[in-house]
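[1] following is a predicted model, sequence given first.
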Amino acid sequence: MEASLAAEPLLSLAVRVTSEHRVEPVLQKIVQGLAAQPGVALARIWLLPSVDLLGPPPAFTATPGASEHLVLAASAGNPIHSPSEDWSFLHGHFSRVPMNGGKVGQVAASRTPLLIKDSAPQNDWILRAEWADREQIRSFAGHPLIFRENLLGVIALFSRKPLDDREFTWLGLFASQAAVAIANARAFEEVERLRRQLERENEYLQEQVQQGFEFGEILGTSPALQQVVQQIRVVAPTNSTVLLGGESGTGKELVARAIHDLSERRERALITVNCASIPRDLFESEFFGHVKGAFTGALRDRIGRFQLADKGTLFLDEVGEIPLELQSKLLRVLQEGTFERVGEDRVRRADVRVIAATNRELFEEVEAGRFRKDLYFRLCVFPIRMPALRDRLEDIRILAEHFARLASRRLKLPEARLAESEVKLLRSYDWPGNIRELQNVIERAVIISQGGPLKVHVVLGPCGKTLHAAATGSSVLRKDEMEKREQANILKALERTNGKIYGADGAAAILGMKPTTLASRIRKLKLSRP
């Protein structure tokens, strides 16, 4: 009788399989090569969904009813009853096999090969006896796929000719080579995945360097700032979600970076998303990614920020701008660590620490029905309130001198000097734009001063418009008088733009402020747009 399996064809098949560097072609070559052997009716491979091939071998249990399942990963065969039947289909009755379930589950649970030489007269060894009769199945062989003590899965074949011990041994040797080929292919794919992720992170970080603010390190000795520094030290080593509150321009992104740099995730990227700058229809794609063809304009697959931040930190700036309908999906990924790309059914996982920031009073948004209460409490695990610059006037000299050095170096101008009178002037100003406004004022002063003493009094206020009496030499104004002047100035800009805030012709551009800063001031001053 012609042998079903021979050493030479299996050796040749093993050589072809090991030349592949991707898992799917490896699996296909294995089952198709086995199915092409004389007498073989069906060849299949079941794999465990996730195995750490580089880590220590897992604690193994053969307990019946274990929750872990084997998943059918490759199948090939030669039907004789219905030649057109597709035996490569992976979603049938045996697509998932529990540990200790049936012959395949027993092989996996015991890590022991199984041979049924010839049981044609009685088919109680097979779950589908009518199929075995119809296809003239007489023998079964199953071998565990083991690599470095890790169980990868099971390789099995059904034969129309009885298998002897020698053929079973050859199949076992081939199974060992197949396990190495599968493990190597997985390793190649993982290396390629990490390479692509590193490229994406490098591209992202280069963008951040080009777009980032020059706030430098956290500078200041005021009690308000030292309280923030202490909170950073406490929360950074944990994986807790942090919510940064406070007015726009107070340095929330700098604090987020400090938390990341002091955490165990510092070797991975800190990914920043400005929620206020994302078009409403693209939020889900920006967060979770999309597949090609998911919507008009989706010309290729795109990775989302959560996947990009895997094992790292995601900074959600202006989190209060996230649309209400998307907040439930954000809550799901925060609670379960799972998400789906737009246009894809596959559930993905991401291990991400989230730091959120907002210049809104977020709980007021909750009470107004514009922000989910459950998401608010999920974000507000460890709140940090950033002090406004007017509440840390002791730090103004340090910050101003620091920004002057940065501006002088970047603009290639002689380093400007800051006189004590100018420091007093800076401390008398209300700083509605906080640290960002201070940086802009100092840079304008450096340009005008051209290496001489800093002429802060010439440029104090948005876009050179002096808002404080100290800059004009008149008497000092009270805080309520200052607010009235600021209200009048903002209202005049809004009237000129018919209430438009954003854009090159918006009120924010006229006032020299960020649109989010202006929106925050409008809410705080309780102004109504015309």
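    Noted; the coordinates are in hand.
[2] low-confidence stretches in the stretch 401-530 of the chain?
    458-481, 504, 529-530 (pLDDT under 70).
[3] and the helices in it?
    420-428, 434-449, 456-459, 479-496, 507-511, 515-524 (DSSP state H, counting those that start in this stretch).
[4] which among the ones you listed is found nearest to residue 402?
    helix 434-449 (8.8 Å; Cβ to Cβ). Bear in mind the C-beta positions are built from the backbone N, C-alpha and C, glycine included.
[5] list the buried residues for that closest one?
    For helix 434-449, a neighbour-count test (16 or more other Cβ atoms under 10 Å) marks 434-446, 449 as buried.
[6] for stretch 84-104, same thing?
    87, 94, 97-101, 103-104.
[7] restricted to strands, list those residues.
    Using DSSP state E, the subset of the buried residues of stretch 84-104 located in strands is 97-98.
[8] circling back: out of the helices of the stretch 401-530 of the chain, nearest to residue 189?
    Among these, helix 515-524 sits nearest to residue 189 (Cβ to Cβ), with 41.8 Å.
[9] what's the closest one packed up against?
    Secondary-structure packing of helix 515-524 (3 or more Cβ pairs under 8 Å, 6 or more residues apart in numbering; DSSP states H and E): helix 479-496, helix 507-511.
[10] if you compare those helices, which one is most tucked away?
    Across the helices and strands packed on helix 515-524, the average number of neighbours (mean count of other Cβ atoms under 10 Å) peaks for helix 507-511, which reaches a mean of 23.
[11] span of stretch 141-152 from start to end?
    One end of stretch 141-152 sits 17 Å from the other (Cα to Cα, to the nearest Å).
[12] contacts for it?
    Stretch 141-152 is contacted from outside by 45, 47-48, 51-53, 57-58, 60, 103-104, 107-108, 111-116, 153-157, 159, 163, 167-168, 171-172, 175-176, 178-180, 182-183, using Cβ atoms under 8 Å, 6 or more residues apart in numbering.
[13] go ahead and flag the most central residue of this structure.
    Nearest to the mean C-alpha position of the chain, by Cα atoms, centre = their mean, lies residue 306 at 2.0 Å.
[14] what does the domain assignment say about this protein?
    Split into domains by automatic domain parsing, the chain comes to 7-189, 238-387, 389-476, 477-530.
[15] save these as a markdown table, and put in distance to residue 219 too.
    Shown next, in a markdown table, are these (distance: least, Cβ to Cβ, whole Å):
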| stretch | distance to residue 219 |
| --- | --- |
| domain 7-189 | 43 |
| domain 238-387 | 10 |
| domain 389-476 | 5 |
| domain 477-530 | 21 |
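[16] what's the closest of the ones you listed to residue 196?
    So among the domains of the chain, domain 238-387 is nearest, using Cβ to Cβ, at 8.6 Å.
[17] thinking again about what came up before, for residue 199, which of the domains of the chain is the nearest?
    Here domain 238-387 is closest among the domains of the chain (Cβ to Cβ), at 10.9 Å.
[18] for the closest one, how far is the first residue from the last?
    Terminal-residue distance, domain 238-387 (Cα to Cα): 23 Å.
[19] quick check: mean pLDDT of the lengthiest helix in the chain?
    With secondary structure taken from DSSP state H, the chain has its longest helix at helix 165-211. Averaged across helix 165-211, pLDDT comes to 78.
[20] which strands or helices does it pack on?
    Partner elements for helix 165-211 (3+ Cβ pairs under 8 Å, 6+ apart): helix 7-18, helix 23-35, strand 139-147, strand 150-159, helix 305-308.
[21] which of the ones you listed sits closest to residue 221?
    Closest among the helices and strands packed on helix 165-211, using Cβ to Cβ: helix 305-308, at 35.4 Å.
[22] roughly how far is the closest one from the heart of the chain?
    2 Å (Cα atoms, centre = their mean, to the nearest Å).
[23] how about residues contacting that helix?
    Against helix 305-308 from outside (Cβ under 8 Å, 6+ apart): 197, 200-201, 204, 269, 271, 273, 286-289, 314, 333, 339, 348, 350, 352.
[24] got the buried residues for that helix?
    So for helix 305-308, counting by 16+ other Cβ under 10 Å, buried means 305-308.
[25] any idea whether residue 273 is helix, strand or coil?
    With DSSP: H, G, I helix; E, B strand; the rest coil as the basis, the three-state label of residue 273 is strand.
[26] now do the contacts for residue 256.
    Counting by Cβ under 8 Å, 6+ apart, residue 256 has contacts 242, 244, 270, 272, 313, 315, 355, 357.
[27] element containing it?
    Per DSSP states H and E: residue 256 is located in helix 252-261.
[28] residue 72 now?
    strand 69-77.
[29] so for that strand, what gets flagged as buried?
    69-70, 72-77.
[30] make JSON lines from those residues and add pLDDT to it.
    Listed next are those as JSON lines, based on pLDDT from 0 to 100:
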{"residue": "69", "pLDDT": "84"}
{"residue": "70", "pLDDT": "90"}
{"residue": "72", "pLDDT": "91"}
{"residue": "73", "pLDDT": "90"}
{"residue": "74", "pLDDT": "91"}
{"residue": "75", "pLDDT": "92"}
{"residue": "76", "pLDDT": "92"}
{"residue": "77", "pLDDT": "90"}
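[31] return the member of those residues nearest to residue 483.
    Nearest member of the buried residues of strand 69-77 to residue 483, counting by Cβ to Cβ, is residue 69, at 65.2 Å.
[32] how close does that closest one sit to residue 389?
    From residue 69 over to residue 389 the distance is 58 Å, taken as Cβ to Cβ, to the nearest Å.
[33] now the phi/psi pair for residue 312, please.
    phi -120, psi -150 (degrees, to the nearest 10).
[34] how many other residues sit next to it?
    20 (other Cβ atoms under 10 Å).
[35] which residues does the spatially closest residue to it that is not a sequence neighbour contact?
    Spatial nearest neighbour of residue 312, chain neighbours left out: residue 268 (3.3 Å); criterion: Cβ to Cβ, 6 or more residues apart in numbering. Residues counted as contacts of residue 268 (Cβ under 8 Å, 6+ apart) are 201, 309-313.
[36] picking that back up, in strands, which of the contacts of residue 256 fall?
    Reading strands off the contacts of residue 256 with DSSP E, I get 242, 244, 270, 272, 313, 315, 355, 357.
[37] can you list the low-confidence ranges for the stretch 201-350 of the chain?
    Ranges of the stretch 201-350 of the chain meeting pLDDT under 70: 201-217.
[38] let's see that with 80 instead.
    For the stretch 201-350 of the chain, the stretches flagged by pLDDT under 80 are 201-217, 293-301, 345.
[39] hang on, the earlier thing: restricted to buried residues, select the contacts of helix 305-308 in ChimeraX.
    The buried residues among those can be selected in ChimeraX (16+ other Cβ under 10 Å) with this line:
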select :197,201,204,269,271,273,286,287,288,289,314,333,339,348,350,352
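[40] please identify the helix or strand for the closest residue to residue 219 other than its chain neighbours.
    The shortest distance from residue 219 to any non-neighbouring residue, by Cβ to Cβ, 6+ apart, is to residue 398 (5.0 Å). Following DSSP H and E, one finds residue 398 within helix 396-411.
[41] quick one on the thing from earlier: near the residue nearest to residue 219, how many other residues are there?
    Residue 398, neighbours per other Cβ under 10 Å, totals 13.
[42] quick check, it in contact with residue 221.
    Yes - between residue 398 and residue 221 there is a contact under Cβ atoms under 8 Å: 7.4 Å.
[43] which of the buried residues of strand 69-77 sits closest to residue 321?
    Of those, the one sitting nearest to residue 321 (Cβ to Cβ) turns out to be residue 69, at 41.8 Å.
[44] leaving out chain neighbours, which residue sits closest to that closest one?
    In space, residue 69 is closest to residue 96, 4.7 Å off (Cβ to Cβ, 6+ apart).
[45] kindly state the beta-bridge partners for that neighbour.
    Beta bridges link residue 96 to residue 71 when assigned by DSSP bridges.
[46] might you report the residue contacts of it?
    69-72.
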